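Colleague: A predicted structure for the sequence below; I have some questions about it.
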Amino acid sequence: MTRIVRFHQHGGPEVLRIEEVDLPPPGHGEVQIRVKAFGLNRAEALLRAGNYIETPTLPSGLGLEAAGVIETIGEGVTGLTPGDAVSVIPPQSMVRWPAYGELVTFPARLIVKHPASLDWQTAAAIWMPYLTAYGALVEIAKLGGQDFVVITAASSSVGLAAIQIANRVGATTIAVTRASAKRQALLDAGATHVVVLEEEYLVRRLSQIAGPQGVRVVFDPIGGPIFEPLTAAMSKGGILIEYGGLSSDPTPFPLAAVLGKTLTLRGYLVHEITGNPEKLEAAKAFILEGLEDDTLTPIVDRTFPFDQIVEAHRYLESNEQFGKIVVTV
């Protein structure tokens, strides 16, 4: 028997339960990991609340990334052995492959031996934010040293990963945040510029920073009314990559800007990278190199023990965090 987190009905953090289950052994091409830590993502809160792109059969597990030690390997697995310290690439279905548990099963192809220098909490905070940001900025936008890039929700784990990746390729980063409380922390985290929505007029400030060149790349998980000022500040031929939908307000289609500047508005899911072996290998190499040379450094805001999973989800939804929330097991 092992303990896992499940929910039997949709709702707030209080619906999460820690339960004992009998986990079957790993199947062909699978490994089982004794979890030391797992990271929290907003996708898990959406699944729990019944608002995610995936509809689970209840009761359901959840979770997209974890780090730990391989305990058992299934038939057909090569290159991995019990005792290896590893982390998990987010699967396409967290309902099929949930990460919240003391012992979890994943396909071997999603397992990465992480650098020995990483502690468990940091290892659990890598793959969702850095793969998401890499796929958008490097793979799709082809971000380079001549570019200005706007990163909204910049204090999230994905936003901070995007700042580091943009800096690694030499781009000029403009972090957008709601209130001034996180301004200095974003500058300390590597943002070249910070725009505070409650204090500054977004179009004017972006235009002041980027100048006549304009902003070529926008990386946004919010949508809603912010679309219009973002596109108004973009350059001709620019690309806005939308990877979320955090705003509860309607998202207007900025027709004049899209036509006048021949903009690309691009929806994006990290599955585009994780589901493509060639792209995934390139992403892993980029991220692991960055971890080794310290240009990529996961920022963990706070850790919670496994028994406080409800409190951890409440904190996730508070929007107070700066970086990743991690649960230790």
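Modeller: Yep, that arrived. Residues are numbered from 1 along each chain as shown.
Colleague: between the two ends of stretch 300-316, how far is it?
Modeller: By C-alpha to C-alpha, to the nearest Å, the extent of stretch 300-316 from end to end equals 13 Å.
Colleague: how about it: buried residues?
Modeller: Using 16 or more other C-beta atoms under 10 Å as the test for burial, stretch 300-316 gives V300, D301, R302, T303, F304, F306, I309, V310, A312, H313, Y315, L316. Quick note: C-beta positions are derived from backbone N, CA and C, even for glycine.
Colleague: swap in stretch 184-199?
Modeller: A185, L186, A189, G190, A191, T192, H193, V194, V195, V196, L197.
Colleague: how near is the fifth one to G170?
Modeller: It refers to A191. 14 Å (C-beta to C-beta, to the nearest Å).
Colleague: leaving out the residues flanking it, which one is nearest to L291?
Modeller: P115 (5.7 Å; C-beta to C-beta, 6 or more residues apart in numbering).
Colleague: tell me the pLDDT at that neighbour?
Modeller: We have a pLDDT of 77 for P115.
Colleague: for it, the count of nearby residues, please.
Modeller: 14 (other C-beta atoms under 10 Å).
Colleague: for F304, what are its contacts?
Modeller: E311, A312, Y315, I325, V326, V327, T328 (C-beta atoms under 8 Å, 6 or more residues apart in numbering).
Colleague: in the helix or strand containing the fifth one, what's buried?
Modeller: This means V326. Assigned by DSSP states H and E, V326 belongs to strand 324-328. By neighbour count with 16+ other C-beta under 10 Å, strand 324-328 contains the buried residues K324, I325, V326, V327.
Colleague: ditto for stretch 59-71
Modeller: S60, G61, L62, G63, L64, E65, A66, A67, G68, I70, E71.
Colleague: and for stretch 217-228?
Modeller: Under 16+ other C-beta under 10 Å, the buried positions of stretch 217-228 are V217, V218, F219, D220, P221, I222, G223, I226, F227, E228.
Colleague: of all those, which comes closest to L46?
Modeller: P221 (11.8 Å; C-beta to C-beta).
Colleague: apart from its neighbours in sequence, what residue is nearest that closest one?
Modeller: G244 (2.9 Å).
Colleague: that's a helix at R183, yeah?
Modeller: Yes - under DSSP: H, G, I helix; E, B strand; the rest coil, R183 sits within a helix.
Colleague: the helices in this protein, which residues?
Modeller: With DSSP state H as the criterion, the chain has helices at 42-49, 120-123, 127-134, 157-168, 183-188, 202-210, 227-232, 255-261, 271-274, 277-292, 309-316.
Colleague: which among the ones you listed is found nearest to G101?
Modeller: The closest of the helices of the chain to G101 is helix 309-316. By C-beta to C-beta, the value is 10.5 Å.
Colleague: that closest one vs helix 42-49, what angle?
Modeller: Put simply, helix 309-316 runs at 120 degrees to helix 42-49, going by axes from the mean of the first three to the mean of the last three C-alpha atoms, to 10 degrees.
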